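In: here's my sequence, what's the structure:
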Amino acid sequence: MRTCFLTMLLVVLIVAPAVATVTATGGSDAFSITLEQGSIKEAIIGLLTAAKKDYILDSQNLGPDFPSAAGTTATMRVTNAKFDDALRILIDVGNWAADAGDDGRYMISWSGEAPPPSHVHVQRKSEGTDFVITIDTKTPQDVALREIGQKISAEVFIDPTASNLMKEKADTLATVEGTFSVSNAEQAVRYVATPTFVVRREGDTIVVSAPNLTAHCSCGQALDKGWKFCPACGKAAPTSEAAK
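Out: Numbering: from 1, shown residues only. Model (predicted):
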């Protein structure tokens, strides 16, 4: 029975952006893996690279394109593990396979269930934190909002009243499409949810709620009572109505 030397192995599935480090720690068969909210797939690639082994990606099974899918990310520490043991650990905690072919190359593939079809496509610009978001034609509004949260690793909460309203009026209200640029998740959520719904931030959560409002800004954002400025464009609120 093989023995691998682990100082600590802690696996936690997460939603945050990936950070993966794999290093050769001594000799030709001793490796350390550090994953902090990290991509298991990238760690497998890093391990194969550190071990100087060739690999290819299975184009038919590339896996989910968002980090919140189960089995794609983890947090762990592995120290001084043999190559085979390190690879087995990574495969065991995720839904990935890495098998050596007759030519010695490893095929990396997603072995989990096929991910659901994606309606929202996010591309990070080459520099900075800006995103380009494309939403497929006639995507339900609640689906678009939730997928934006998944793809940009943000917590988006749609309150029950707003969610029910989106479903009740799905034919006329709750479909969106288009391509737009934003610098953060909150801007993206506002683009999809307003002016019909109210968007606010509560800590790390972006909340979408049904309007209980008496005024609208000239930009279309609904305004709650007592709001002095529009949260979408920053203009002064029409206090004569908003304060009623």
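
In: in this protein, which spans are strands?
Out: Using DSSP state E, the strands of the chain run over 20-24, 31-39, 55-57, 73-81, 96-100, 106-110, 120-124, 131-140, 155-158, 175-182, 198-202, 205-209, 215-216, 222-223.

In: okay, the ones you listed, which one's buried deepest?
Out: Compared across these, strand 222-223 shows the largest average neighbour count, a mean of 25 (mean count of other Cβ atoms under 10 Å). Every residue, glycine included, has its C-beta placed from N, CA and C.

In: what is the mean pLDDT for it?
Out: Strand 222-223 shows a mean pLDDT of 68.

In: for Glu155, give me its contacts.
Out: Gly149, Asp204, Thr205, Ile206 (Cβ atoms under 8 Å, 6 or more residues apart in numbering).

In: beta-bridge partners for the third one, please?
Out: Applying DSSP bridges to Thr205 gives these bridge partners: Glu155, Glu202.

In: check what pLDDT it gets.
Out: Confidence score, pLDDT, at Thr205: 92.

In: thought it was touching Phe157?
Out: Yes. The pair Thr205 and Phe157 qualifies as a contact (Cβ atoms under 8 Å) at a distance of 5.3 Å.

In: show me how far stretch 137-154 is from its chain's centre.
Out: From the chain centre to the centre of stretch 137-154 is a distance of 10 Å (Cα atoms, centre = their mean, to the nearest Å).

In: what does stretch 155-167 give?
Out: 19 Å.

In: from Ile89, how far out is the closest residue in space to Asn95 that isn't next to it in sequence?
Out: Nearest residue to Asn95, sequence neighbours excluded (Cβ to Cβ, 6 or more residues apart in numbering): Gly112, at 2.9 Å. Noted for Gly112: a distance of 17 Å to Ile89, by Cβ to Cβ, to the nearest Å.

In: who has more neighbours, these two?
Out: Counted by other Cβ atoms under 10 Å, Gly112 and Ile89 do not tie: Ile89 has more neighbours, with 22 against 16.

In: show residues contacting stretch 117-134.
Out: Counting by Cβ under 8 Å, 6+ apart, 65-66, 135-136, 139-140, 143-144, 147-148, 151-152, 178-184, 188, 191 sit against stretch 117-134.

In: endpoints of it, how far apart?
Out: 14 Å (Cα to Cα, to the nearest Å).

In: now do stretch 150-161
Out: 21 Å.

In: shaky segments in this structure?
Out: 1-20, 26-28, 65-70, 115, 125-129, 170-174, 212-216, 220-226, 238-244 (pLDDT under 70).

In: per-domain residue ranges of it.
Out: Taking automatic domain parsing as the reference, the chain has its domains at 20-110, 120-212.

In: that'll do, ta.
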